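Chemist: A structural model of the following input is requested.
(one chain, ligands or ions: 1)
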Amino acid sequence: MPELRFDGRVAVVTGAGAGLGREYALLFGARGAKVVVNDLGGSSTGEGSSKRAADVVVDEIVAKGGIACADYNSVVEGEKIIETAIKNFGRVDILVNNAGILRDKSVANISNEDWDLVHNVHLKGSFKTSQAAWPIFKKQKYGRIILTSSNSGVYGNFGQANYSAAKLGLVGLSNTLAIEGAKYNIHCNVIVPTAASRLTQGILPEFLFNELKPKLIAPVVVYLCHESNTDNGAIIESAAGFAAKLEIVRGRGTVLRKSIEQETITPEEVQEGWSKVTDMAHAKRIDAMTRASTSLMTVLEDLRENSKENFTAEDIFSFGSKDLILYALGIGASVKNPKDMRFLYENHPDFGAIPSYFVLPGLLLSMTSSLVGSAVTHTKVDFTNILHGEQYIEIVSDIPLAATLVTKGKVLDVMDKKSGAVVVTQANSYDESGSLIVINQSQTFVVGAGNFNGKKTPGPGVIQAIPAPSRNPDSTIRYKTSEDQAAIYRLSGDLNPLHIDPNVALMAGFKVPILHGLCTLGFSVRAVLEKYADNNPALFKAVKVRFTKPVIPGQTLQIDMWRDGNRIFFKTSVVETKQDVITGAYVDLKDVIESGKSSKL
Ligand SMILES: CCCCCCC[C@@H](O)CC(=O)SCCNC(=O)CCNC(=O)[C@H](O)C(C)(C)COP(=O)(O)OP(=O)(O)OC[C@H]1O[C@@H](n2cnc3c(N)ncnc32)[C@H](O)[C@@H]1OP(=O)(O)O
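Modeler: So this is what the prediction gives:
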């Protein structure tokens, strides 16, 4: 690595007579910068002044062959410090605002003077020096500013209300300087150092104090000031040879209004949504005010859409290549079949998702929300009395390899089927730009919940299963499932114990845990892709199935297929029992590429 040099640059370091400031000044000097060593020479509480502190550091720099001059002004008169730089060296390129004092007292005991003095030195001082350097930086289209914050500001610290407020104020100052300076190549960054200094002596435990050498922070600050560093508006925490970027993040939040028409909200509605307001699971940095307003616009658009579509539930679903591979393994894809490699190896040139993967956002929304339970109020609904009845998946836009999808759901229909109640739920999943990626429509069969005088036939919008043609199938593929099939498949998200826990299976009326209906669906979609789409997932449009009978892990699935244009009807049965397990099913393809093979074991 070539040495990072500052030849020709002039660096101003405030409070450089000791501690961190001294280390910054020494390192800048050693790397070729001409250094203005500013120090008022006062006490740690801001009393008195002396030229000695700055002079000693200047002597040190000069003794090592560097160039430096002293400045004894208070940062509150920042323009005088910048004048010193111009008078001695004719320019200024780097300004490290480091000077600081403490007036620690608990909040009740802070006097106006304690408050004002701390704010004046830290906040106003940094503002004054930066403002004085600004026109010079702007004219030369180059400037690097460092503001010094503190963990006390970021996290708070007992007895330091005045200091904490000033220190976090510097983050606000930096945020705006970074924006105003960007087009002139003026960068402003914040350092949050924890160093052994006269300000921290007595506050930190001794063993920690001894490790917090200012020397270990100086290279971080010096690098931040180098022309090769492109960060602007960053907050960097550093101590003991450790450095990390800090960010202020915002949770996903929630909309507390039910519809765009609702003009007020009640405290009770706030209480109801509070867990979502405070949920930080999907927190993100908003890096500009304009982004914050754009996200509000999205909220309003969503509200309008929710009002139009009557969505009542929402969920977030994130996935990446590892999830796509795990799913492919869960529905039987294998390295034994070279054509499956595109689903199993992220470096394969055609790596992608088996499209039925995108049932998961809709399924998980239905399983984790109260959608189904709220639709069937005449009986309890739990894992021991629900079965997956039917499923429709439609891929609307190109499917990504990794994304965070927002899924919005609603109950579309409830039917009385005598032996059970059928709840139809619809879930639309959108990517981060708001594009609709996938539509899922699920039918949940609530066993034993029929005969409630409900309607028998499906309402508008319910997508129906269609019986397969009565002729012999055009092609057939067989896949053997593994005894561990459900154990692998569940890792993709459907953790329903019915598929793994023998006791839950018994309670639901099964001798052994049964396979997920969607796992059987996945095997069936694989068969259609293999036979009619050259295993190319991009040709897939939609699938519809009815789950007619359960499958036991380890059984062999036989997928019989009939081609009708771009629609491939199919029926899935269990070879060992000859029972149909999926009926009324079809896959719609964008195009058909028929393979020569007709059966596979
Ligand atoms: C988002 C969704 C969340 C859902 C959570 C799911 C979580 C998953 O972890 C759960 C699973 O994966 S369960 C495993 C997969 N599913 C199954 O194994 C169910 C298999 N099907 C059955 O056992 C029966 O069809 C059975 C029991 C469903 C019905 O059988 P019977 O009671 O004998 O009913 P039958 O006499 O055949 O028909 C009565 C009326 O019901 C309609 N119907 C039948 N099967 C249906 C089904 N699968 N889906 C929807 N409706 C169905 C019939 O059409 C009939 O109605 P009608 O009289 O109007 O014709």
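Chemist: Pull the contacting residues for residue 11.
Modeler: 24-25, 28, 33-36, 92-96, 225 (C-beta atoms under 8 Å, 6 or more residues apart in numbering). Placement of C-beta: from N, CA and C, glycine included.
Chemist: The ligand versus the residue nearest to residue 550 when sequence neighbours are not counted, what's the distance?
Modeler: Distances taken as C-beta to C-beta, 6 or more residues apart in numbering place residue 514 nearest to residue 550, at 4.1 Å, with adjacent residues excluded. To the ligand, residue 514 is 6 Å away according to C-beta to the nearest ligand atom, to the nearest Å.
Chemist: OK, contacts around the closest residue to the ligand within the stretch 101-250 of the chain?
Modeler: Going by C-beta to the nearest ligand atom, the ligand is nearest to residue 250 of the stretch 101-250 of the chain, at 30.4 Å. Neighbour list for residue 250: 283-286, 292 [criterion: C-beta under 8 Å, 6+ apart].
Chemist: Same check on residue 498?
Modeler: 383-384, 504-505, 508, 510, 513-514 are the contacts of residue 498 under C-beta under 8 Å, 6+ apart.
Chemist: Which elements pack onto the longest strand seen in the chain?
Modeler: Under DSSP state E, the strand in the chain containing the largest number of residues is strand 403-416. In terms of contacts (3 or more C-beta pairs under 8 Å, 6 or more residues apart in numbering; DSSP states H and E), strand 403-416 is packed against helix 289-309, strand 313-319, helix 360-368, helix 371-375, strand 420-430, strand 436-447.
Chemist: distance between the first one and the chain's centre?
Modeler: Meaning helix 289-309. Distance, stretch centre to chain centre, for helix 289-309: 19 Å (C-alpha atoms, centre = their mean, to the nearest Å).
Chemist: before we move on, what about the third one?
Modeler: Computed by C-alpha atoms, centre = their mean, the chain-centroid distance of helix 360-368 equals 20 Å.
Chemist: what's the angle from that helix to strand 436-447?
Modeler: Helix 360-368 and strand 436-447 meet at an angle of 40 degrees, taking axes from the mean of the first three to the mean of the last three C-alpha atoms, to 10 degrees as the criterion.
Chemist: how about helix 360-368: buried residues?
Modeler: 360-367 (16 or more other C-beta atoms under 10 Å).
Chemist: returning to what we had before: taking the contacts of residue 250, tell me the two that lie furthest apart.
Modeler: 283 and 292 (13.9 Å; C-beta to C-beta).
Chemist: quick one, what contacts the residue nearest the centre of the chain?
Modeler: Nearest residue to the geometric centre of the chain (C-alpha atoms, centre = their mean): residue 282, 4.9 Å. Residues in contact with residue 282 (C-beta under 8 Å, 6+ apart) are 251-252, 316, 318, 404.
Chemist: quick revisit: now the contacts of residue 250 in a markdown table, with distance to residue 322?
Modeler: Formatted as a markdown table, the contacts of residue 250 follow (distance: C-beta to C-beta, whole Å):
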| residue | distance to residue 322 |
| --- | --- |
| 283 | 22 |
| 284 | 21 |
| 285 | 24 |
| 286 | 28 |
| 292 | 32 |
